[in-house]
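Colleague: how does the following fold in three dimensions:
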Amino acid sequence: MTAPWPDLPTHREWLHDQARSLLTFGRRTPSADGGAYWLDDQGKPLPQNGIHTWITARTVHVYSLGHLMGIPGCTPVAQSALDGLTGRLHDSAFDGWLASVQPDDGTKAAYAHAFVLLAATSGVTAGLDGAEELLQDAQQVLLERFWDEDAGLAVDAWDRSFSTLDPYRGINANMHLVEACLAAADVTGDHAWLERARRISQFVIAQARTNDWRIPEHFDAQWQPQLELNRDKPGDQFKPYGATVGHALEWSRLLLHLEAALGEADRTDWLTPAKALFERAVIDGWAADGADGFVYTTDWSGRPVVRERMHWVVAEALGAAVTLWHRTGDSAYADRYAQWWDYTQRYVIDHENGSWHHELDATNRPAATVWAGKPDLYHALQATLLPLLPLTPSFATAIAQGHLA
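Modeller: Now for the predicted structure:
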């Protein structure tokens, strides 16, 4: 019997090669004025798409990881992106971060602010100029404007002046805040961030358990589920209708990172819901319409709604499978991991232009119904690194401490 792929030195070498290739693809991301461009399918900047805070923050994060890995050329990209967060994307009038510049839609979103916190923690670990100040600012804004202590969750969006709060509440931003909380706890030593991550996660588990492990994504101001939201536009980039398969996989992984970060003194059973979310996502999402690949969304009975295959979903599937394998030693997870890398190698990795196709249609041909271009290295890069790292600490801290296999 052959060893599981994550144990093979040759597979780990292949993962390192993939990580370097991804970081090479994004080398034209920096804007001369600070921030990160949206890239097209060939890796060329699209200035007409504006400079977005979420893309810029993710760029700080991934290129800080590249710096910590000792890959030449990553530091200037990370620094340029961080300069965008401390410069033109920062709202000097009202604090916080604009959604984007050219154009700016006038909202201050928890989703983007969670990534600013993540970016700041990675930037501090990588020693970037201005990262310490960014981290202090990001913590303050998140706690003062977005964190609802009574609910134990983050609200979703304000107007620019932080005077009007949108009544919508969402799980997507809270999911990414859990990741940022784990990183913030590692970098600051403040375990209150772990408690926030725990409270968010417990809410999501409770909601998923009552919906056959399909996670409600959308809520009203009283945190009541809005299961029919966006039925008329099911392929929305950030608020799709129904259950989002990739988020169940991402939550499966995050619960195990949280478990590891909390340590043996915590008696909560995180493994059972992590396994349940994984299994539900695989049953509902993988090859659900006959072709390999994960569908984007399903209805509340598990029937596919948006059948396009998003690159980030299989990236999170890979991460969840290898994390469950690390946690349990069950070879079934390693087998799934190998199966999904085979799929990714065949269909998702763009062997001609670089990076990963961000969207495939239901027959696994490149498409752009939901996502055009290749604005994001974050999911793909983390998929190459998760097999090489322990469950805790978080990415930047783990690499800085020498844990990269």
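
Colleague: tell me how many other residues crowd Gln226.
Modeller: When neighbours are counted by other C-beta atoms under 10 Å, Gln226 registers 15. For every residue, glycine as well, the C-beta is placed using N, CA and C.

Colleague: name the nearest residue to it, ignoring sequence neighbours.
Modeller: Leaving aside its chain neighbours, Gln226 sits nearest to His218 (4.4 Å; criterion: C-beta to C-beta, 6 or more residues apart in numbering).

Colleague: ok, the one you found - contacts?
Modeller: Taking C-beta atoms under 8 Å, 6 or more residues apart in numbering as the criterion, His218 is in contact with Tyr168, Arg169, Gly170, Ile171, Pro225, Gln226, Leu227, Leu229, Asn230, Lys239.

Colleague: again, but for Ala321
Modeller: For Ala321, the contact set (C-beta under 8 Å, 6+ apart) comprises Phe278, Tyr333, Ala334, Arg336, Tyr337, Trp340.

Colleague: how many other residues sit next to the last one?
Modeller: I take that to be Trp340. 24.

Colleague: can you pull the buried residues of the helix or strand hosting it?
Modeller: Assessed by DSSP states H and E, Trp340 sits inside helix 331-343. Residues of helix 331-343 classed as buried by neighbour count (16 or more other C-beta atoms under 10 Å): Tyr333, Ala334, Arg336, Tyr337, Ala338, Trp340, Trp341, Tyr343.

Colleague: do stretch 195-210 as well
Modeller: Counting neighbours by 16+ other C-beta under 10 Å, one finds that the buried residues in stretch 195-210 are Arg196, Ala197, Arg198, Arg199, Ile200, Ser201, Gln202, Phe203, Val204, Ile205, Gln207, Ala208.

Colleague: average pLDDT across it?
Modeller: Average pLDDT, stretch 195-210: 98.

Colleague: and the contacts of that stretch?
Modeller: Residues contacting stretch 195-210 (C-beta under 8 Å, 6+ apart): 147, 152-154, 171, 174-175, 177-178, 181-182, 185, 214-216, 223, 225, 248, 251, 254-255, 258, 261-262, 268, 270, 273, 276-277.

Colleague: same question for stretch 359-375.
Modeller: 25, 38-41, 43, 46, 49, 52, 55, 235, 237, 289, 291-293, 295-296, 306-311, 347-348, 350, 355-358.

Colleague: which of those fall in helices?
Modeller: Phe25, Ile55, His311 (DSSP state H).

Colleague: let me know the pLDDT of Val370.
Modeller: On pLDDT, Val370 comes in at 86.

Colleague: assign it to helix, strand or coil.
Modeller: Here Val370 is coil, with the state taken from DSSP: H, G, I helix; E, B strand; the rest coil.

Colleague: count of neighbours near it?
Modeller: With other C-beta under 10 Å as criterion, Val370 counts 16.

Colleague: so for the nearest residue to it once chain neighbours are set aside, what's the pLDDT?
Modeller: Spatial nearest neighbour of Val370, excluding adjacent residues (C-beta to C-beta, 6+ apart): Gly235 at 5.0 Å. Predicted confidence (pLDDT) for Gly235: 84.

Colleague: I'd guessed Gly235 sits against Glu308; true?
Modeller: Yes - taking C-beta atoms under 8 Å as the definition, Gly235 is a contact partner of Glu308 at 7.3 Å.

Colleague: who has more neighbours, these two?
Modeller: Counted by other C-beta under 10 Å, Gly235 and Glu308 do not tie: Glu308 has more neighbours, with 21 against 17.

Colleague: residue contacts, the more buried one?
Modeller: Gly235, Val295, Tyr296, Glu359, Leu360, Asp361, Ala362, Ala367, Thr369, Val370.

Colleague: neighbours of Thr2, how many?
Modeller: Applying other C-beta under 10 Å, I find that Thr2 has 7 neighbouring residues.

Colleague: quick one: which of the contacts of Glu308 sit in strands?
Modeller: By the criterion of DSSP state E, membership of the contacts of Glu308 in strands covers Glu359, Leu360.

Colleague: can you say which of the contacts of Glu308 are buried?
Modeller: So, by 16+ other C-beta under 10 Å, the buried ones in the contacts of Glu308 are Gly235, Val295, Tyr296, Glu359, Leu360, Ala362, Ala367, Val370.
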